[in-house]
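Colleague: What follows is a predicted protein model with its sequence.
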Amino acid sequence: MPLTDIQTRIETACNKAGRKLGSVHLIAVSKVQPNARVEAVLAEGHRVFGENRVQEAQGKWPDFKARFEGVKLHLIGPLQSNKVKPALDLFDAIHTLDREKLARRIATEVQARGACPELFIQVSTGEEPQKAGVMPADVDAFIKACQGLDLKIKGLMCIPPVEEEPSMHFALLAKMAKRNDLGGLSMGMSSDFESAIALGATHVRVGSAIFGERVKPA
Ligand SMILES: *Cc1c(COP(=O)(O)O)cnc(C)c1O
């Protein structure tokens with residue numbers, strides 16, 4: 001689907017929800033997409049992209065960044081503590097902060113650089129222990145722990161379990177953000193970004209709807 005169609009759908013969802021247009025950021029998720037498709041979206045003027053692997057992003061984004069001004073990269077996949085340095089070299093935002101060890105590593109790096117990426121705490125709203133994310137019961141304490149490390153937390157992020165109705169997860173995430181005074185909500189993908197916007201999403205992560213089906217699994 002053309003980028004402009006996705007932008008129109010976001011606009012419509014904002015209008016329906018009585019929200020300002022600029023309150024929703026579209027992250028174009030370019031993981032495993034052929035470079036030609038990514039370049040086409042850059043050529044259309046879009047500048048905000050999401051990748052889920054540090055190594056893959058290192059392979060393609062330095063070149064795109066050199067050729068297109070103003071690119072902002074969001075890491076939306078798991079981050080290992082030993083990849084914090086290269087991740088902060090490349091990414092402007094990290095959506096997957098979910099454990100103290102990682103928070104401490106990021107805090108050390110942020111102190112050294114004097115600059116902090118936008119940070120989202122990933123919450124396992126479906127309480128799936130085998131997946132990434134802080135358990136809902138631990139979110140408030142984890143936010144405080146991060147803030148205690150002088151990390152500025154932008155908001156919360158979730159990936160609802162595939163087999164469940166996403167709306168209840170979006171609503172839960174919004175509630176947790178609100179009670180912690182966090183303004184950012186990273187939620188909604190190709191199949192459900194409109195309902196995420198209705199429930200307050202500030203960052204929607206849309207991949208296949210923009211670029212087409214991924215040619216190989218992510
Ligand atoms: C791949 C991915 C997306 C985009 O998924 P689509 O269904 O292609 O829109 C969004 N968020 C995360 C965390 C992802 O890994």
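Modeller: All right, it came through fine.
Colleague: Assumed residue 205 was part of a strand.
Modeller: Yes: with DSSP: H, G, I helix; E, B strand; the rest coil as the criterion, residue 205 is assigned to a strand.
Colleague: Name the helix or strand for the closest residue to it other than its chain neighbours, please.
Modeller: The shortest distance from residue 205 to any non-neighbouring residue, by CB to CB, 6 or more residues apart in numbering, is to residue 27 (4.8 Å). In short, each C-beta sits where N, CA and C put it, glycine included. Per DSSP states H and E: residue 27 is located in strand 25-29.
Colleague: send the alpha carbons of whichever helix or strand comes after that strand over as CSV?
Modeller: Note on strand 25-29: by DSSP H and E, the next helix or strand toward the C-terminus is helix 35-43. C-alpha atoms of helix 35-43 as CSV (Å, rounded to 0.1, in the frame of the first residue of the first chain):
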residue,chain,number,x,y,z
ASN,A,35,16.9,-1.9,0.0
ALA,A,36,15.1,-0.7,-3.2
ARG,A,37,11.8,-0.7,-1.3
VAL,A,38,13.3,1.2,1.6
GLU,A,39,14.9,3.7,-0.7
ALA,A,40,11.6,4.3,-2.5
VAL,A,41,10.0,5.3,0.8
LEU,A,42,13.0,7.5,1.6
ALA,A,43,12.6,9.1,-1.8
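Colleague: Run me through the strand neighbours of whatever helix or strand comes next after helix 35-43, direction for each.
Modeller: Moving toward the C-terminus from helix 35-43, the next helix or strand (DSSP H and E) is strand 48-51. Strand pairing for strand 48-51, determined by DSSP bridges: strand 25-29 (parallel), strand 72-75 (parallel).
Colleague: wait, which of the ones you listed is closest to the ligand?
Modeller: With respect to the ligand, and counting by CB to the nearest ligand atom, the nearest of these is strand 25-29 at 4.0 Å.
Colleague: Give the rounded mean pLDDT of the helix or strand containing residue 96.
Modeller: Per DSSP H and E: residue 96 is located in strand 93-97. In this model, strand 93-97 has an average pLDDT of 98.
Colleague: roughly how far out does stretch 61-73 sit from the chain middle?
Modeller: 18 Å (CA atoms, centre = their mean, to the nearest Å).
Colleague: Just the buried positions in it, please.
Modeller: 61, 64, 71, 73 (16 or more other CB atoms under 10 Å).
Colleague: residues contacting the second one?
Modeller: So that's residue 64. 38-39, 42, 71 (CB atoms under 8 Å, 6 or more residues apart in numbering).
Colleague: out of the buried residues of stretch 61-73, what pair is the most spread apart?
Modeller: Using CB to CB, those span at most 9.3 Å, a distance reached by 64 and 73.
Colleague: coming back round to it: from the buried residues of stretch 61-73, which is closest to the ligand?
Modeller: Set against the ligand, the nearest of the buried residues of stretch 61-73 by CB to the nearest ligand atom is residue 73 (13.8 Å).
Colleague: was I right about that closest one contacting residue 49?
Modeller: Yes: using CB atoms under 8 Å, residue 73 is in contact with residue 49, at 5.7 Å.
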